[in-house]
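>>> dropping a prediction and its sequence here:
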Amino acid sequence: MTSNCIGCGRELSAERAELGYTYCTAPACQAEYRRGPTVTAVAVNKSGDAFRVVEPDEIAARAAAGELATKNTGLGTEHVSAPAAPAAPRVPAPRRSTERRRPARTAAPSWTPAQEKIIRLYADMGLSPRRIAERARENTPRLGVTEALAVRVLSAPRR
């Protein structure tokens with residue numbers, strides 16, 4: 001059984017024809033007809049990339065299904081800037097005797113949900129406010145957690 005190259009018309013070797021190739025090993029034919037496997041690198045957190053050798057349609061379908069999407073593994077590390085320093089307290093105007101008294105409003109906390117999340121996480125681990133501040137400074141410096149903030153958050157009711 002002999003077959004010819006689809007590019008240049010030369011006769012293919014018996015072994016090559018048996019393996020199912022339809023083109024010869026000439027550089028011009030290789031450049032035009034050779035199709036290698038599609039290798040896709042998938043980034044993996046804290047390790048080297050994972051490589052997948054699959055058809056382009058399959059990798060596109062898997063990516064569309066969310067299989068290759070990044071997973072949310074943050075432990076209270078939402079990258080939100082620390083709140084600005086609170087403004088100076090306002091001095092209330094003197095009340096008139098005809099004004100009705102309103103119930104006092106509860107002030108909004110002066111920390112972000114991310115700060116509270118990391119502080120409560122470390123507190124549940126049994127750390128003191130000082131150790132919480134140290135650990136947060138090491139692991140999540142952008143949150144700006146201090147010992148005083150840890151005490152305020154742990155003293156307040158949970159949101």
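Okay, I see it. Numbering: from 1, shown residues only.

>>> how close does G7 get to E32?
6 Å (Cβ to Cβ, to the nearest Å). From N, CA and C alone the C-beta is placed, and that goes for glycine too.

>>> anything in contact with each of these two?
Residues touching both G7 and E32 (Cβ atoms under 8 Å, 6 or more residues apart in numbering): Y23.

>>> higher neighbour count, these two?
G7 (16 against 12; other Cβ atoms under 10 Å).

>>> confirm the more buried one sits in a strand?
No: counting by DSSP: H, G, I helix; E, B strand; the rest coil, G7 is not found in a strand; it is coil.

>>> so what's it up against?
G7 sits in contact with Y23, C24, A26, A28, C29, E32, Y33, where contact means Cβ under 8 Å, 6+ apart.

>>> again with E55
Counting by Cβ under 8 Å, 6+ apart, E55 touches T38.

>>> run the last query once more with 10 Å
E55 is in contact with P37, T38, A61, counting by Cβ atoms under 10 Å, 6 or more residues apart in numbering.

>>> show only the entries of these found in helices.
Those of the contacts of E55 mapping onto helices are A61, per DSSP state H.

>>> and the contacts of E55, which are buried?
Taking 16 or more other Cβ atoms under 10 Å as the criterion, nothing in those is buried.

>>> which among the contacts of E55 gets closest to A114?
Compare each of the contacts of E55 with A114 using Cβ to Cβ and the shortest gap goes to A61, at 34.9 Å.

>>> fine by me, thanks again.
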